[in-house]
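*Asks:* sequence unknown, structure follows:
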């Protein structure tokens, strides 16, 4: 404590020496000059920085919008071209009489040859029969044609052209291709009768893929497409995300917009999303730009302004130091007296005469030294109270990792239909938290502490199944005695996570509580892998804490016990590699105020 006070006085002395070397008016001018200069520079820098950043972001957004609008235009033109081709196919089929016919097949082949991106053109009856089409490839069996989405959509919406999501074409025996299907329900003349039929035109999806891969939105930016009605991804540069993309792209947010933009955060990076809707087919184009790429100049200007502030501050300090270089004799005498106090001589009083400010300072300093002597004893008491409070807060913390793992185990049990195990786990978890909180009390009965650790072991037993067993032996006559709460859990955690978890064989944790000569002895024994002498020293020095448990360090338990009950009590650990670990906790045998007192 004396060192801290001495350091504080030394800092005060340096400040006083630096600021009182000139007359008070000079000090006022110097400090005013520094404050005004720095304040103005900070305000101007912040205004310019914010203005530039906002302008840069607006430019980036505008550029992204222009790119996406161009993509939208190109896609709409492509879709229009394919729709026109489909209309030609539809018209040829509608004019044909007595389908199938060689003339119609020749016309379809001519149409297919005009576009390299057409994979196939086929006509099916409503019951799934192939009428005609090109190429003339044999159909595969078990295609489940009637269940295909494009087929059902065509029959459900006759005379309406529909576009399917990308899929593998599996109707024919040719090599499978990734396609988008255009389909439409129509009427055809067959054997003199009008029957329902479905026209199918498959487009090679690689054409769309090539179209979007040419789009550049920085080094990491990209474009993807979603279907407005199905809420599914139609295209994504990472093809596997077409199936699992909902987990990685904020599709729900994109569905809210027909034309607009929004911001989101992915893996800690801010992204600008621009949404445009493709007319007629209900697809949405989303362009994703990473702001750390399009606004890189923001970092450059912030770096420049920081360096400018540093240089200006350096010159201001240089000028201020020159102005404060005039040292008067009263200040030197004041310096010597303060050095004595800095060394710990708090009985020193200074008597300096000089300018009014210096004389007032000496009187104030004498008052301060007297006050410091009074505060030192008070500070020691406050530090001890503060330490108690910190330890109380620390021991009440609950690790969310333990809660997460427990709830995750409950979810798996529910999924496996283990209702009894779910009830047991939830009940134990409820009792575990109830005792952990204990209505804010730090002192609970040994019975409650044992119940707390038993519930903890039940939960861990459910999680680790047959990984370990435990035994609890407690004399009935000690259950009503008092103890600090949460002194057992850190050591049981340590035994489980660092001793038993890495064993091949089944582990065993033994807990016993006995009373001997007015002392309560808690003993936690495990047959785990044990610890080396170096690891044991690290634990006892407080360098190692239970990372998966309550967060209460093993050394903190020892300090809490000594803080509440005295230096004769605490924690003792014995451990050997491959032999296990034995932890002994000693506290006084105490009953509550209505009992017989200390035993």
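*Replies:* The structure has been received and is ready for your questions. What you see is a predicted model, and the numbers here were worked out from it, not measured in a lab.

*Asks:* contacts for stretch 466-477?
*Replies:* For stretch 466-477, the external contacting residues (C-beta atoms under 8 Å, 6 or more residues apart in numbering) are 446, 450, 453-454, 457, 460-461, 496, 500-501, 506-515. In short, each C-beta sits where N, CA and C put it, glycine included.

*Asks:* that one: end-to-end distance?
*Replies:* End-to-end distance of stretch 466-477: 32 Å, with C-alpha to C-alpha, to the nearest Å as the criterion.

*Asks:* again with stretch 565-576
*Replies:* Distance between the two ends of stretch 565-576: 29 Å, counting by C-alpha to C-alpha.

*Asks:* buried residues in that stretch?
*Replies:* Residues 565, 569, 570, 571, 573, 575 are the ones in stretch 565-576 that count as buried (16 or more other C-beta atoms under 10 Å).

*Asks:* how about stretch 114-132?
*Replies:* If you call a residue buried by 16+ other C-beta under 10 Å, then stretch 114-132 has these buried ones: 117, 118, 119, 120, 121, 122, 123, 124, 130, 131, 132.

*Asks:* can you check stretch 308-317 too?
*Replies:* For stretch 308-317, by 16+ other C-beta under 10 Å, it's residue 316.

*Asks:* one step back: which pair of the buried residues of stretch 565-576 spans the longest distance?
*Replies:* Greatest spatial distance among the buried residues of stretch 565-576 (C-beta to C-beta): 565 and 575, at 24.2 Å.

*Asks:* what pLDDT, on average, does the helix or strand in which residue 49 is found get?
*Replies:* Here residue 49, judged by DSSP states H and E, is contained in helix 24-95. Helix 24-95 shows a mean pLDDT of 79 in the predicted model.

*Asks:* show me how far it is from its chain's centre.
*Replies:* Chain-centre distance of helix 24-95: 27 Å, with C-alpha atoms, centre = their mean, to the nearest Å.

*Asks:* helices and strands around whichever helix or strand comes after it, which ones?
*Replies:* Reading on from helix 24-95 to the C-terminus, the next helix or strand found by DSSP H and E is helix 102-113. Contacts defined by 3 or more C-beta pairs under 8 Å, 6 or more residues apart in numbering; DSSP states H and E place helix 102-113 against helix 24-95, strand 118-125, strand 130-134.

*Asks:* give the contact list for the closest residue to residue 100 other than its chain neighbours.
*Replies:* Using C-beta to C-beta, 6 or more residues apart in numbering and skipping residues adjacent in sequence, the residue nearest residue 100 is residue 132, 3.9 Å away. Taking C-beta under 8 Å, 6+ apart as the criterion, residue 132 is in contact with 99, 100, 101, 104, 105, 108, 122, 123.

*Asks:* swap in residue 223?
*Replies:* 68, 71, 212, 215, 217, 235, 237, 285, 286, 287, 288.

*Asks:* quick check, nearest of the residues you listed to residue 435?
*Replies:* residue 288 (49.4 Å).

*Asks:* so that closest one, which state does it fall into?
*Replies:* Classification of residue 288 by DSSP: H, G, I helix; E, B strand; the rest coil places it in strand.

*Asks:* any idea of the angle the strand of greatest length in the chain forms with strand 118-125?
*Replies:* Of all segments of type strand in the chain, defined using DSSP state E, the longest is strand 177-190. When axes from the mean of the first three to the mean of the last three C-alpha atoms, to 10 degrees is applied, the directions of strand 177-190 and strand 118-125 differ by 40 degrees.

*Asks:* after strand 177-190, next one along is what?
*Replies:* By DSSP H and E, the next helix or strand past strand 177-190 is strand 193-204.

*Asks:* so how far is that next one from its chain's centroid?
*Replies:* 50 Å.

*Asks:* what does it contact?
*Replies:* With C-beta under 8 Å, 6+ apart, strand 193-204 has contacts from 82, 85-86, 89-90, 93, 116-126, 131, 133, 150-151, 154-155, 158, 169, 177-188.

*Asks:* who does it pair up with?
*Replies:* Using DSSP bridges, strand 193-204 pairs in its sheet with strand 118-125 (antiparallel), strand 177-190 (antiparallel).
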